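Undergrad: everything below, folded, please.
(chains A and B)
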Amino acid sequence: MSLSPTSNRFDIRKHFARGESLVAATGMAFIAILALAIGAVVWISAKTVDVSATIQANNQSTQTSELIASQAELRLSDNDLAGLRRLMLDAVASGLVESCEVQIPDFGVLASSNPSQSSLNELPETWIVAPELPAVLEYSEATGKTTVRDSLVVNGQSGIVLEVVTTRGKDAVGSDTIRASSVGITSVGLVLVLLVYRRFRNRLGALSAIGDSLRSAAEGERRVACLIVGEHLGPEGKTWNTLLEERENFENVMYEHEVADASTTGRIESVGLPAACNTLMQGVVLIESDLTVVYANGAASNFLRMDREEMVGQKLDQVSEANLIMDLTCSVLDVQGPKRQVIEVGDVENIETHGAVLRFVITRIDEAEVPQALVFIEDVTQQRLADQSQGAFIAQATHELRTPLTTIRLYAEEAVEAGSEDELIREKALNVINSETRRLERIVGDMLCVSEIEAGSLSIHPDQVRTEQMFQSLEHDYAAQAKDKSIEMSFDLPPKFPTIQADRDRLGQALHNLVGNAIKYTPSGGKVEVKVSFSDTNSMRVDVIDSGIGIEESQQERIFDRFCRADDRRIAQVTGSGLGLALARQIARLHGGDVTVESAIDKGSTFTLILPGSSEELAKAA
Amino acid sequence: MRIETNRHGAVTVVVPMGPIQTEEDAIQLRTESLEVLGKTLGRFVIDVSEMTFVNSFGLEALVDVTLELGASGQSLKLCGISDTLREIITITDQTSKFQQFEDVQTAVRSFL
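TA: Residues are numbered from 1 along each chain as shown, chains lettered A, B, ... in the order given. Reported below is the predicted structural model:
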């Protein structure tokens, strides 16, 4: 492979765009540090030169001052003020000093390099003698001048002051140049440090984010949305994101290829089909002609209580539960046998032990080279229970309807036969027909009510209900029935009946069911008592107390289920639809109240209906 | 926390009687639900009408149960969901993981 001319050329930008830029950035960092170090060294050198120049200048100023002082003392001793003034002028003219003057404090200037400054023409006879002090040197940064003050001793008397001012030489100026250079070098170093920092920050930020992303991937995260990094992290971040997207696209393409391969070859091991089968609530099992399980979905594993991995590859008789369909599967796999077989395994009567009723549909697949059997498994427990309940209900309802209808037919025939000759028989027959018709009406009402509950459309229509009238009617309705069974029925009613808010018909229906049940399940000679009480807020409590057969504790909540009657052989001969208590409770709950039971076997039961008194609660319930 | 189980035909109704506020409550709910799942082959409902609040542990327990059911093509049926619980499920984006029913009867009927 030949390289193009451009590929041979060293491209600094490309070089920097890869890992080499880190090396370059590191080199820049070293240069920056070196520049800073040089700057620091130069700064220190400048400082040292500066200090030495100052010391040298000070020494020079001191020596000059001492020289002038000795000459000045000689001239003053000779009282030669003119010579002293010439000395001042000569000193300035020589360039050694900037200015100089001799003065007596509190008297005036004897001589000065500036002649106009001199105020005394001759040395006074006496002057204030001050103690002789060593020479004092002062340097002013602002002016760059050094001032030396020295005491002169004339004729043994001190108190005359010599002040010499000198300027710093060119060395000091040189140190400033060096200092400026060091500042320049340091600035360049700092700029380089800044550049290196920016470079490192961008690159390390991107590397850190990519590192985090890789750690997430190592922990199992595969979603691209969770692995991408911010676009602001530069080319590294963008490239990482592009790689992730390309990987996802690649996986999608691979998946599509696999699905396409699976659909063209028809392999059951394809990716899409098992996933689809696993979403089915029905179990699917594929069985080879030698009765080996080659595929089972999740639901099949659940129904057959065996792991899929364990099931696949096993013979059918090794699969728990599935051995029940062994014979049928064999017959289906026989090309001479039936192509489809259906069997239900399990018993609704024994759900606790069997767990479920499973429906197996076994179908032969003739299209394969050797016959295979496909087994569909469905949990039909609830359907079978519903069928059973429905059957029981129809049987009970038919029986319930037939009894009053038969009575009506017999008494109607008797009334017809009696004609107008026997008024007594006819009247009795009509009374019975009337009573049975009302019973029939209640049964049909219950059935309609149940269908409304099933449809979820049962509702109440509250109205003002005069409770006194309602309980009088209830007592009247059941008096004859209680008397027929020799049951002592009593109503314990309050002295005053309030008017309550309720659905008159529904409440009457609930009370009829409770009182009717009490009479139905109380043997002859027993007692039924209905106690009614109202609270201050007009909430109503009705206790229906019987001395009947009682209900086992385990059955006490179950009897409120629809179509349910207690499992008790003592009531086998007592007809009932299993709806009365369910309806009574449903009606009470629609009013915002409830029906509860307390019972003891062979001692009797107390059913309590409570309705709230406040219209707000009723409105909320309605 | 007390958890009641009732039978409605062939369907078992699990009723947690109170809010789930601790990890222990959540573990209890998950354990008992998975136990019922194993016994009933998934024919069960959780009545959450008494469960006024559920913390993250409780929500995780419910999600665990529905994932377990998901292995056999089913999903967890919840009924009697309060506004608070519905909001928690919605905010945490778990709505699609559960089947929601107004009351126990409707949930039980869904097995027909």
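
Undergrad: hmm, residue B:43 and residue B:77 touching each other?
TA: No: assessed by Cβ atoms under 8 Å, residue B:77 is found out of contact with residue B:43, at 9.7 Å. Every residue, glycine included, has its C-beta placed from N, CA and C.

Undergrad: neighbour-wise, which of those two wins?
TA: residue B:77 (25 against 22; other Cβ atoms under 10 Å in any protein chain shown).

Undergrad: who are the contact partners of that one?
TA: B:44, B:45, B:46, B:98, B:99, B:100, B:101, B:107, B:110 (Cβ atoms under 8 Å, 6 or more residues apart in numbering or on different chains).

Undergrad: what about it, which helix or strand?
TA: strand B:76-79 (DSSP states H and E).

Undergrad: for that strand, which strands pair with it and how are they oriented?
TA: strand B:44-47 (parallel), strand B:98-101 (parallel) (DSSP bridges).

Undergrad: if we can go back for a sec, quick check, nearest of the contacts of residue B:77 to chain A?
TA: residue B:110 (9.3 Å; Cβ to the nearest Cβ).

Undergrad: that closest one and residue B:99 touch, don't they?
TA: Yes: at 7.2 Å, residue B:110 counts as touching residue B:99 under the criterion of Cβ under 8 Å.

Undergrad: circling back to that earlier point, now, of the contacts of residue B:77, which are buried?
TA: B:44, B:45, B:46, B:98, B:99, B:100, B:101, B:107 (16 or more other Cβ atoms under 10 Å in any protein chain shown).

Undergrad: rebuild those as a markdown table, extending it with pLDDT.
TA: Shown next, in a markdown table, are the buried ones among the contacts of residue B:77 (pLDDT from 0 to 100):
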| residue | pLDDT |
| --- | --- |
| B:44 | 92 |
| B:45 | 93 |
| B:46 | 94 |
| B:98 | 92 |
| B:99 | 92 |
| B:100 | 91 |
| B:101 | 91 |
| B:107 | 89 |
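
Undergrad: show me which residues of chain B sit near chain A.
TA: B:6, B:8-11, B:39-43, B:70-74, B:105-106, B:108, B:111-112 (Cβ under 8 Å from any Cβ of the partner chain).

Undergrad: what subset of those residues is buried?
TA: Applying 16+ other Cβ under 10 Å to the residues of chain B next to chain A flags B:8-11, B:39-43, B:70, B:72-74, B:108, B:111 as buried.

Undergrad: check the residues you listed and tell me the two furthest apart.
TA: Greatest spatial distance in those: B:9 and B:70, 23.9 Å, computed using Cβ to Cβ.

Undergrad: buried residues in the longest helix belonging to chain B?
TA: Using DSSP state H to define each element, chain B has its longest helix at helix B:23-40. Using 16+ other Cβ under 10 Å as the test for burial, helix B:23-40 gives B:25, B:26, B:28, B:29, B:30, B:32, B:33, B:36, B:37, B:39, B:40.

Undergrad: roughly how far apart are the residue nearest to the spatial centre of chain A and chain B?
TA: Closest to where the C-alpha atoms of chain A average out (Cα atoms, centre = their mean) is residue A:226, at 16.1 Å. According to Cβ to the nearest Cβ, to the nearest Å, residue A:226 stands 15 Å off from chain B.

Undergrad: got the contact list for that residue?
TA: Counted by Cβ under 8 Å, 6+ apart, residue A:226 has contacts residue A:216.

Undergrad: phi, psi for it please.
TA: Residue A:226 adopts backbone torsions of phi -90, psi -20, taken as degrees, to the nearest 10.

Undergrad: how about the nearest residue to residue B:111, chain neighbours excluded?
TA: Once flanking residues are discounted, residue B:111 sits nearest to residue A:382: 4.1 Å by Cβ to Cβ, 6 or more residues apart in numbering or on different chains.

Undergrad: now the element after the longest helix along chain A, going C-ward?
TA: Secondary structure assigned by DSSP H gives helix A:20-77 as the longest helix of chain A. Next helix or strand after helix A:20-77 toward the C-terminus (DSSP H and E): helix A:81-93.

Undergrad: relative to helix A:20-77, how tilted is that next one?
TA: For helix A:81-93 against helix A:20-77, the angle between stretch directions is 160 degrees (axes from the mean of the first three to the mean of the last three Cα atoms, to 10 degrees).

Undergrad: now helix A:81-93: average pLDDT?
TA: Helix A:81-93 shows a mean pLDDT of 86.

Undergrad: stretch B:64-84 too?
TA: 90.

Undergrad: now the closest residue to residue B:2 other than its chain neighbours. Its backbone dihedrals?
TA: Residue nearest to residue B:2 in three dimensions, not counting chain neighbours: residue B:17, with 4.4 Å by Cβ to Cβ, 6+ apart. Note on residue B:17: its backbone torsions stand at phi -100, psi 60 [degrees, to the nearest 10].

Undergrad: what's the distance between residue B:17 and residue B:6?
TA: 12 Å (Cβ to Cβ, to the nearest Å).

Undergrad: buried ones in stretch A:483-493, by neighbour count?
TA: Under 16+ other Cβ under 10 Å, the buried positions of stretch A:483-493 are A:487, A:489, A:491, A:493.

Undergrad: now swap in stretch A:516-536 and tell me
TA: Buried-residue list, stretch A:516-536, by 16+ other Cβ under 10 Å: A:516-522, A:526-532, A:534.

Undergrad: now swap in stretch A:491-503 and tell me
TA: A:491, A:493, A:497, A:498, A:500, A:501, A:502, A:503.

Undergrad: ok, so of those residues, who is nearest chain B?
TA: residue A:503 (20.4 Å).

Undergrad: test my guess that that closest one contacts residue A:458.
TA: No: taking Cβ under 8 Å as the definition, residue A:503 is not a contact partner of residue A:458, at 10.4 Å.

Undergrad: overlap in contacts of those two?
TA: residue A:590.

Undergrad: nearest residue to the middle of chain B?
TA: residue B:46 (3.5 Å).

Undergrad: look up how far residue A:164 lies from that residue.
TA: Taken as Cβ to Cβ, the span from residue B:46 to residue A:164 is 107 Å.

Undergrad: quick one on the thing from earlier: wait, which of the buried residues of helix B:23-40 is closest to residue A:333?
TA: When these are compared against residue A:333 (criterion: Cβ to Cβ), the nearest one is residue B:40, at 31.9 Å.

Undergrad: wait, what's in contact with that closest one?
TA: By Cβ under 8 Å, 6+ apart, the neighbours of residue B:40 are A:355, A:356, B:10, B:11, B:12.

Undergrad: hmm, 10 Å instead?
TA: If a contact means Cβ atoms under 10 Å, 6 or more residues apart in numbering or on different chains, then residue B:40 has A:351, A:355, A:356, A:379, A:381, B:7, B:10, B:11, B:12 as its contacts.

Undergrad: for residue A:325, see how far away it is.
TA: Taking Cβ to Cβ as the measure, residue B:40 falls 21 Å from residue A:325.

Undergrad: wait, residue A:44 sits on residue A:182?
TA: Yes: using Cβ atoms under 10 Å, residue A:44 is in contact with residue A:182, at 8.5 Å.

Undergrad: more neighbours, the two?
TA: residue A:182 (20 against 11).

Undergrad: now that one. Nearest residue, chain neighbours left out?
TA: residue A:42 (3.6 Å).

Undergrad: so what's the residue count around that neighbour?
TA: 19.

Undergrad: can you pull out the helices in the stretch 51-200 of chain A?
TA: Listed in chain order, the helices of the stretch 51-200 of chain A (DSSP state H, counting those that start in this stretch) span A:81-93, A:170-218.

Undergrad: rank these by pLDDT, which is bottom?
TA: helix A:170-218 (a mean of 77).

Undergrad: state the helix or strand in which the closest residue to chain B within the stretch 201-350 of chain A lies.
TA: Residue of the stretch 201-350 of chain A nearest chain B, by Cβ to the nearest Cβ: residue A:302 (3.6 Å). Element membership of residue A:302, judged by DSSP H and E, is helix A:298-303.

Undergrad: confirm residue A:551 sits in a strand?
TA: No: assigned with DSSP: H, G, I helix; E, B strand; the rest coil, residue A:551 falls outside any strand and is coil.
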